[in-house]
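In: 3D model of this:
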Amino acid sequence: MRFNRRQLLWSGLGATTAAVFGREVVKQRAEQAEQAEIEALFDPNALAQEAFQADVLAVQDMATIQTSATLRSPLIPYSRDWSKQLIIASKLATQQYLLGKFQADYDGRIAVLPLYSEGFTTYRQVTSFKATESAQEQIKFEVPRADLAGAGADLGEIQRRLGQTKDSITSQVKQVVQLSQQIPVYYGFLLTSPQANLLIFRGTQRQVEYFEDILAIQGDYVSPVDQATLGKVHLGFGGLYDEKLAQPVRDAVKSLDPTIPLLISGHSLWAAMATLAAIDLALHHPELGPSLQVYSYGGPRLGDRTFVEAYSQRVPNYYRVVNLADMIPMLPLSRFVLDSDFVHGGEQWSFLSHQGDIVPNHIVETYRNAIHQEAETNNGTEFANLRLNLS
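Out: Take a look at the predicted model:
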């Protein structure tokens, strides 16, 4: 058979087209197979279900963390009468702080405070706990104005009046600097009586203390007596107590009769300080152990499971009062970072007072209002929302 040139061209074109088409078909099928494998590996529905299941497991893990600690039951029952008194004492400590902040000659005596008459007149004040911080009072002054209009063209007179103005400014600035002073920062107080000793801390008031509330890094809690590690605690809380309170508190309680109950209390950040004070005293002064009772109000989580279990063996009489609408007791998160957990200790007594915002849910007056009504319970599941009366 003989092919002419046109037939050869058409047959060549056809072969080329078939080859190209064939390669495209093979490539397309390969891409489709690869896409099928990808879809099989990354099925959106499967991924969504997997993510949902991970959230469920995370919630279950957090719930398990909070119930995983084995705590020793209190040896002394929770006292509503003491709780009513101690929540007032926490507010009294806040009044002490505020008066010290605004009255330069205040010496820390609680007898001059408005709430002193509400159950504290039979106590003797052993000491106040305080530190100092720098403060500089700013004053306003008028700069003498040089009346240059009356000086005419006399350059010497203008220079003389400008010099007077400069000297006056310099003198006034020196007066501002001289008003810089150290003011006391009160943290609380220690009271004694034949019936009980009260170690009281106030609530969070200063910006640096709010920072300590959210700093969720953990560090080892090392016994100051035998150097044994008793678990991990919030590094900010532990550092603040060691720096500002540990030694003053140890020294102050030496004068107390160890046979008289020692009740320790605080609100917010200072609930954590009260908690740390109790174990520190139990380790340094074992004779105080049986008399120690801790009442904390609206306090954040302090340490890990190992710590709270070790704590409950040394300070079993620990009662933690919380408003279920208060976010501070929910901090730090149960699992803030991998291999790090925060667990509440103590026997929980709770109530519900939801005022629609973070601050009113947390303030001392909200806790005082609920405790006065005896609304706190340690076994209830249904709570009526309490109204806050600030009148």
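In: Output the lowest mean pLDDT helix or strand found in this structure.
Out: Least confident helix or strand, the chain: helix 207-214 with a mean of 48, by mean pLDDT, DSSP states H and E.
In: Give me the next element, helix or strand, following that helix.
Out: Beyond helix 207-214 in the direction of the C-terminus, DSSP states H and E gives the next helix or strand as strand 218-222.
In: Mind listing what's buried along the next helix or strand after that next one?
Out: Remark: after strand 218-222, the chain's next helix or strand is strand 229-234, criterion DSSP H and E. By neighbour count on 16 or more other Cβ atoms under 10 Å, the buried set for strand 229-234 is Leu230, Gly231, Lys232, Val233, His234. In short, each C-beta sits where N, CA and C put it, glycine included.
In: residue contacts, the closest residue to the last one other than its chain neighbours?
Out: If you skip the residues right next to it in sequence, His234 has Leu302 as its closest partner in space, 5.6 Å away by Cβ to Cβ, 6 or more residues apart in numbering. Listed by Cβ atoms under 8 Å, 6 or more residues apart in numbering, the contact set of Leu302 reads Val233, His234, Phe237, Ala272, Thr275, Leu276, Val308, Phe342, His344, Gly345.
In: can I assume Ser90 is in contact with Leu269?
Out: No. With contact taken as Cβ atoms under 8 Å, Ser90 and Leu269 are classed as non-touching, separated by 11.6 Å.
In: Pull up the overlap in contacts between the two.
Out: Shared contacts of Ser90 and Leu269, defined by Cβ under 8 Å, 6+ apart, comprise Gly203.
In: still on that earlier bit, please convert the buried residues of strand 229-234 to JSON lines, extending it with pLDDT and distance to Trp349.
Out: What follows is the buried residues of strand 229-234, written out as JSON lines (pLDDT from 0 to 100; distance: Cβ to Cβ, whole Å):
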{"residue": "Leu230", "pLDDT": "95", "distance to Trp349": "25"}
{"residue": "Gly231", "pLDDT": "95", "distance to Trp349": "24"}
{"residue": "Lys232", "pLDDT": "94", "distance to Trp349": "26"}
{"residue": "Val233", "pLDDT": "94", "distance to Trp349": "23"}
{"residue": "His234", "pLDDT": "92", "distance to Trp349": "22"}
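In: pretty sure Gln293 is in a strand, no?
Out: Yes. The secondary structure assignment for Gln293 places it in a strand, going by DSSP: H, G, I helix; E, B strand; the rest coil.
In: how near is it to Ile200?
Out: Going from Gln293 to Ile200 by Cβ to Cβ, to the nearest Å gives 13 Å.
In: overlap in contacts of the two?
Out: Taking Cβ under 8 Å, 6+ apart as the contact rule, the neighbours common to Gln293 and Ile200 are Ile264.
In: quick one, which of these two is more surrounded?
Out: Comparing Gln293 with Ile200 by neighbour count (other Cβ atoms under 10 Å), the higher total belongs to Ile200, at 28 against 24.
In: so which helix or strand takes in the more buried one?
Out: Under DSSP H and E, the secondary-structure element containing Ile200 is strand 197-201.
In: now Ala271
Out: Remark: Ala271 resides in helix 269-284, with elements defined by DSSP H and E.
In: send the alpha carbons of that helix over as PDB?
Out: Extracted C-alpha coordinates of helix 269-284, given in PDB (Å, rounded to 0.1, in the frame of the first residue of the first chain):
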ATOM      1  CA  LEU A 269      -5.200  36.600  96.300                       C
ATOM      2  CA  TRP A 270      -4.900  36.900 100.100                       C
ATOM      3  CA  ALA A 271      -6.900  33.700 100.500                       C
ATOM      4  CA  ALA A 272      -3.900  32.100  98.900                       C
ATOM      5  CA  MET A 273      -1.600  33.900 101.300                       C
ATOM      6  CA  ALA A 274      -3.700  32.600 104.200                       C
ATOM      7  CA  THR A 275      -3.500  29.100 102.800                       C
ATOM      8  CA  LEU A 276       0.300  29.300 102.500                       C
ATOM      9  CA  ALA A 277       0.600  30.900 106.000                       C
ATOM     10  CA  ALA A 278      -1.200  27.900 107.500                       C
ATOM     11  CA  ILE A 279       1.100  25.200 106.100                       C
ATOM     12  CA  ASP A 280       4.200  27.300 106.800                       C
ATOM     13  CA  LEU A 281       3.200  27.600 110.400                       C
ATOM     14  CA  ALA A 282       2.300  23.900 110.700                       C
ATOM     15  CA  LEU A 283       5.800  23.100 109.500                       C
ATOM     16  CA  HIS A 284       7.600  25.600 111.700                       C
END
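In: oh, and call the first residue 11 from now on, that's how I've got it
Out: With the count now opening at 11, the last piece we talked about shows up as helix 279-294.
In: tell me the angle of it relative to strand 228-232?
Out: Helix 279-294 and strand 228-232 are oriented at 30 degrees to each other (axes from the mean of the first three to the mean of the last three Cα atoms, to 10 degrees).
In: follow-up on the earlier one: helices or strands up against the strand holding Ile210?
Out: helix 90-112, strand 190-202, helix 256-263, strand 272-277, helix 279-294 (3 or more Cβ pairs under 8 Å, 6 or more residues apart in numbering; DSSP states H and E).
In: One more pass at 7 Å, please.
Out: Of the remaining helices and strands, those touching strand 207-211 by 3 or more Cβ pairs under 7 Å, 6 or more residues apart in numbering; DSSP states H and E are helix 90-112, strand 190-202, strand 272-277, helix 279-294.
In: Single out the most deeply packed of those.
Out: Comparing the helices and strands packed on strand 207-211 by mean neighbour count (mean count of other Cβ atoms under 10 Å), strand 272-277 comes out on top with a mean of 28.
In: any idea of the angle that strand forms with helix 279-294?
Out: Regarding strand 272-277 and helix 279-294, their directions subtend 150 degrees when assessed with the same axes, to 10 degrees.
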